[in-house]
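**Student:** Provided below are the primary sequence and the corresponding predicted coordinates.
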Amino acid sequence: MSEDEPVSEEYSVFQRVRQILIEPSDAIQSDVLRMKTRLLSFSLLLIVIGLPVIQLFLDNLFGNIPLFSMTTAIFFLIYLISRTKYAVIAGIITTLSLASMPFLFLSVEFNQTDMRVALNLIIWPVIAALFGSQWLTAKFEALFISVQTAALLVYCNFLPEIEFLLALEPIIDQAALSLVVLIFTWSLNYYVTQLEEHKKFLEQRQRELEVYTSVLTHDLGNDMQIVRGHIELLNETMKIPLDKESYMATTLAVSERMSRVIKLFSVVGRASEYDFLETLQTMANRAKQASGGANISLQIEPDIRSADIRPGILLPLVLENLLRNTVDYVGESAVVTIRLGLVEKTLIITYRDNGPGIDSSIRHRIFMKGVTTKGEGKGLGLYLSKRIVESYGGTIDLLEEKERQGAAFLISVPVL
């Protein structure tokens with residue numbers, strides 16, 4: 001038996017106990033409401049366990065009935081309600097029950113010390129306000145605190161056993177503390193609600209994106225198969241002039257590149273179907289074909305071949321964009337070296353070419369949107385490349401190449 005098995009078994013037992021004792025009813029769907037219900041059930045369990053323990057140390061009696069033990073039965077019934085779909089009702093009943101506790105204790109305990117009176121006037125109302133902040137709206141919570149404070153003032157004023165002026169200070173203190181609880185929990189609930197709404201929005205957009213991607217990859221994939229099939233058919237059935245063969249080869253290479261891009265998007269979320277090194281090798285071979293014979297060297301260190309690295313499905317698109325830029329400038333005389341190394345858990349990719357390099361006037365903003373080194377274009381290639389690399393927690397930088405011609409890029413990506 002491995003060392004992890006006992007830990008896993010203990011965790012499983014903990015999960016089962018939590019499921020039995022505090023997990024909300026399946027009828028409650030909202031994540032926020034389920035979280036509040038768990039807290040309510042857990043708190044009620046603590047109250048049910050704690051009140052009999054308090055009874056052992058105090059002599060609170062209502063006639064011959066232990067007062068704390070009597071209230072235990074009430075809170076246990078509320079706990080049972082909290083385990084059903086009526087958790088909100090249980091939360092409101094809990095709030096009202098806690099708010100009634102100071103009236104109950106002050107009514108049956110006729111010989112209380114000033115300290116006991118102050119504790120009853122502060123602790124129970126503040127706890128009630130804390131629970132109320134979870135189950136009442138901000139307006140009803142403010143109304144609840146106001147009514148509770150007014151009721152305590154009136155009650156203590158007419159209760160002959162309690163000196164009103166001595167009770168006034170703790171009542172004011174509990175009102176102030178209750179307002180602090182109201183403001184804090186309202187702010188917290190507001191941000192939790194905002195996060196939940198944002199989460200739902202993102203989940204909806206994610207579902208829409210998955211559907212859109214599926215439709216796009218399916219339709220474009222079918223169209224690109226037709227294009228490639230027609231190009232290959234033309235190559236086999238027609239005599240292409242020698243000066244036009246490069247056009248056909250380039251068109252075929254571009255169609256195959258588009259098919260690869262579509263395939264990349266079709267395996268997003270299925271990393272087991274994705275081989276990073278094989279994808280890079282295929283990309284380099286297609287780039288040679290598209291350029292009419294560019295010299296593209298892919299140098300992979302042995303430790304990378306032996307490691308199961310999965311740096312990101314979209315990362316090859318970054319290198320393909322760099323290759324396309326080089327080929328656009330240099331053509332078939334392009335010389336490109338792509339070196340891959342592994343430093344601890346980071347994949348290091350160095351890209352160098354023999355192109356004209358990057359003009360010094362735009363080097364500092366080469367990765368910005370809209371910046372291009374070409375006479376035409378939207379300037380999105382390097383900008384999107386940077387976005388892709390950074391989405392995997394990596395960086396891409398333009399290196400200084402003073403001793404040789406061309407552009408050089410350094411890409412660092414954590415290995416997943």
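**Tutor:** Done, it's in.
**Student:** gap between Val154 and Ile313?
**Tutor:** Here the criterion is Cβ to Cβ, to the nearest Å. By it, Val154 lies 69 Å from Ile313. Quick note: C-beta positions are derived from backbone N, CA and C, even for glycine.
**Student:** who's more crowded, those two?
**Tutor:** Each of Val154 and Ile313 has its neighbours counted (other Cβ atoms under 10 Å); Ile313 has more, 21 against 10.
**Student:** leaving out sequence neighbours, find the closest residue to Leu234.
**Tutor:** Spatially, and ignoring its direct neighbours in sequence, Leu234 is nearest to Met248 (7.1 Å; Cβ to Cβ, 6 or more residues apart in numbering).
**Student:** that neighbour contacts Leu242, correct?
**Tutor:** No: the criterion here is Cβ atoms under 8 Å, and Met248 misses it with Leu242 at 11.1 Å.
**Student:** and the host helix or strand of Gln289, how far out from the chain middle?
**Tutor:** According to DSSP states H and E, Gln289 maps onto helix 276-291. Centroid separation between helix 276-291 and its chain, computed with Cα atoms, centre = their mean, to the nearest Å, is 35 Å.
**Student:** what residue ranges in this structure score low on pLDDT?
**Tutor:** 1-11, 58-66, 109-112, 211-219, 260, 263-274, 308, 310, 373-379, 416 (pLDDT under 70).
**Student:** can you pull out the helices in this structure?
**Tutor:** 4-21, 31-57, 67-82, 87-108, 114-135, 138-158, 164-237, 245-266, 276-291, 302-306, 315-330, 381-391 (DSSP state H).
**Student:** just put the ones you listed in a markdown table and tack on distance to Glu400.
**Tutor:** Rendered in a markdown table, the data for these read as follows (distance: least, Cβ to Cβ, whole Å):
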| stretch | distance to Glu400 |
| --- | --- |
| helix 4-21 | 49 |
| helix 31-57 | 51 |
| helix 67-82 | 66 |
| helix 87-108 | 64 |
| helix 114-135 | 59 |
| helix 138-158 | 58 |
| helix 164-237 | 39 |
| helix 245-266 | 31 |
| helix 276-291 | 25 |
| helix 302-306 | 26 |
| helix 315-330 | 17 |
| helix 381-391 | 17 |
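**Student:** coming back round to it: tell me the contacts of the residue nearest to Leu234?
**Tutor:** For Met248, the contacting residues are 231, 234-235, 240, by Cβ atoms under 8 Å, 6 or more residues apart in numbering.
**Student:** which residue sits farthest out from the middle of the protein?
**Tutor:** Distance from the centre of the chain peaks at Pro160, with 58.1 Å (Cα atoms, centre = their mean).
**Student:** spatially, which two of the contacts of Met248 are the most separated?
**Tutor:** Ile231 and Ile240 (10.6 Å; Cβ to Cβ).
**Student:** ok, those two, which is more surrounded?
**Tutor:** Ile231 (18 against 13).
**Student:** returning to that earlier point: what's the angle between the helix holding Gln289 and helix 315-330?
**Tutor:** Angle, helix 276-291 to helix 315-330, by axes from the mean of the first three to the mean of the last three Cα atoms, to 10 degrees: 20 degrees.
**Student:** elements contacting helix 276-291?
**Tutor:** helix 245-266, strand 295-300, helix 315-330, strand 335-343 (3 or more Cβ pairs under 8 Å, 6 or more residues apart in numbering; DSSP states H and E).
**Student:** which residues sit against it?
**Tutor:** By Cβ under 8 Å, 6+ apart, helix 276-291 touches 249-250, 252-254, 256-257, 260, 264, 294, 296, 298, 300, 304-305, 309-311, 315-316, 319-320, 323-324, 327, 331-332, 334, 336, 338, 340.
**Student:** then stretch 196-204?
**Tutor:** 30-32.
**Student:** for burial, what's the neighbour tally of Ile224?
**Tutor:** Heads up, residue 224 is Met, not Ile. Neighbours of Met224 (other Cβ under 10 Å): 20.
**Student:** apologies, that question was intended for Pro24.
**Tutor:** Pro24: 21 neighbours (other Cβ under 10 Å).
**Student:** what's the closest non-adjacent residue to it?
**Tutor:** Thr37 (4.0 Å).
**Student:** assess the claim that that neighbour and Gln29 are in contact.
**Tutor:** No: under the criterion of Cβ under 8 Å, Thr37 makes no contact with Gln29, lying 11.4 Å away.
**Student:** of those two, who's got more company?
**Tutor:** Between Thr37 and Gln29, Thr37 has the larger neighbour count (other Cβ under 10 Å), namely 26 against 9.
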